[in-house]
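S.K.: Need the 3D shape of this:
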Amino acid sequence: MANNLIAIPEVKKIYELLNPKPDLTRFVGGCVRDIILNDKIGDIDLATILNPEEVIINLQSNKIEFKKDAINFGVVTAIINNISFEITTLRQDLFPDGRYAKIVFTKDWKIDAQRRDFTINAIYCGWTDIDENTINFWDPYNGKKDLIEGKIKFISDPEISLQEDYVRALRYFRFFYKYSRFPHDCNILDKIFKYKKNIKNISNKRLEKEIKKILLLKNSRDILQDKNVLDLFVYIYPGFDKVLNSSLGKVDF
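M.R.: Modelled structure (predicted):
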């Protein structure tokens, strides 16, 4: 995929459809990080004020294929010419239990940003002038600065954030090995090690999904340089070290 969103016709189409009025929908997540770092665009996620039913009506009226398997989480996936767009309604997560939470939809971008894990994942952007390709960033936690400097920071206290969703521990390692320019923060590692049993109890399907993403990183083998981190991965996923040594970018569970 291109390293410029405007160069992807399907992106322009979905963005315009979901913005009948300005700033109803913005890009978020990996594609925003790719834009900032001038990397090849990967996954394209959007956050929107529109509720899931409104998104579906919009897609149906424009004869766009979609999936709604995760609609209970406010997620609708649109598909245009084999390109998938994950569209998530702004939300607040209440009463998290370590994996799931009660979801309440909102129209407040700040509330949506607060429930995210890392500052680099709470950067939103959209076109102020799509024809001129003028992009405006909304970045309440200075995630753009952290991304450029290679700093992986939790939005809230790391221990509280981990207790809200233990998958965040694995996401921390993925983003660390992909973007960090600094050594691990010992305080963060201590908190992750503290909850290793909870991390191990994540469903096998989700665990394998996150482990695979880590193994596919170009520098995933850097994990071998830190025995404590490697021991953690072997604990939560026995045989991880063997898969890591043999994968070289090829992962097959």
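S.K.: domain assignment for the protein?
M.R.: When the chain is parsed into structural domains using automatic domain parsing, the resulting residue ranges are 5-147, 156-247.
S.K.: As JSON lines, the ones you listed with mean pLDDT and mean neighbour count would be great.
M.R.: Heads up, the C-betas are built off the backbone N, CA and C, glycines and all. Formatted as JSON lines, the entries for the domains of the chain read as follows, by pLDDT from 0 to 100; neighbours: other Cβ atoms under 10 Å:
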{"stretch": "domain 5-147", "mean pLDDT": "94", "mean neighbour count": "17"}
{"stretch": "domain 156-247", "mean pLDDT": "94", "mean neighbour count": "16"}
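S.K.: For the chain, which segments are assigned as strands?
M.R.: When secondary structure is read from DSSP state E, the chain shows strands at 25-28, 44-48, 65-67, 75-80, 83-89, 91-94, 102-105, 124-129, 134-138.
S.K.: these two touch, right, residue 44 and residue 11?
M.R.: Yes. Shown here, residue 44 and residue 11 form a contact pair, counting by Cβ atoms under 8 Å, at 6.3 Å.
S.K.: residues shared between the contacts of these two?
M.R.: 5, 83, 85 (Cβ atoms under 8 Å, 6 or more residues apart in numbering).
S.K.: measure the second one to residue 31 for me?
M.R.: From residue 83 over to residue 31 the distance is 11 Å, taken as Cβ to Cβ, to the nearest Å.
S.K.: so what's in contact with the two at the same time?
M.R.: Among the neighbours of residue 83, those also in contact with residue 31 (Cβ under 8 Å, 6+ apart) are residue 44.
S.K.: What are the neighbouring residues in contact with the nearest residue to residue 175 once chain neighbours are set aside?
M.R.: Counting by Cβ to Cβ, 6 or more residues apart in numbering, the nearest residue to residue 175 once its immediate chain neighbours are dropped is residue 152, at 5.2 Å. Under the criterion of Cβ under 8 Å, 6+ apart, the contact partners of residue 152 comprise 118, 120, 146, 172, 175-176, 179-180.
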